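J.: have a look at this fold, sequence not included:
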């Protein structure tokens, strides 16, 4: 459901906050070598 928060930032025009949240939440997967976003269990 975190994607809703990111979308809200984008709708509000706050692209920097949206990108920061994406890096915090999904950045670890990229650092671990993932090339797609994994679902949560």
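T.: Yep, it's here. All figures in this text were calculated on a predicted structure; none of them were measured in a lab.
J.: ok, residue 20 to residue 27 distance?
T.: 10 Å (CB to CB, to the nearest Å). Placement of C-beta: from N, CA and C, glycine included.
J.: would you mark the buried spots in the helix or strand encompassing residue 25?
T.: For residue 25, the element it lies in under DSSP states H and E is helix 15-31. Neighbour counts over helix 15-31 (16 or more other CB atoms under 10 Å) mark 18, 21-22, 26 as buried.
J.: against residue 16, how distant is residue 5?
T.: Distance from residue 5 to residue 16, by CB to CB: 14 Å.
J.: could you dump the buried residues of helix 15-31 to a markdown table with distance to residue 12 and pLDDT?
T.: Listed next are those as a markdown table, based on distance: CB to CB, whole Å; pLDDT from 0 to 100:
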| residue | distance to residue 12 | pLDDT |
| --- | --- | --- |
| 18 | 9 | 96 |
| 21 | 12 | 93 |
| 22 | 15 | 90 |
| 26 | 20 | 82 |
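J.: closest to residue 33 among those residues?
T.: residue 26 (13.2 Å; CB to CB).
J.: and that closest one, how close does it get to residue 36?
T.: Per CB to CB, residue 26 is found 11 Å from residue 36.
J.: same check on residue 7?
T.: Using CB to CB, residue 7 is found at 19 Å from residue 36.
J.: those two: which is more packed in?
T.: It is residue 7, of residue 7 and residue 36, that has more neighbours when counted by other CB atoms under 10 Å, with 11 against 6.
J.: need the pLDDT of the more buried one.
T.: Residue 7 carries a pLDDT value of 96.
J.: ok, now residue 35?
T.: 75.
J.: name the SS class of residue 36, please.
T.: coil (DSSP: H, G, I helix; E, B strand; the rest coil).
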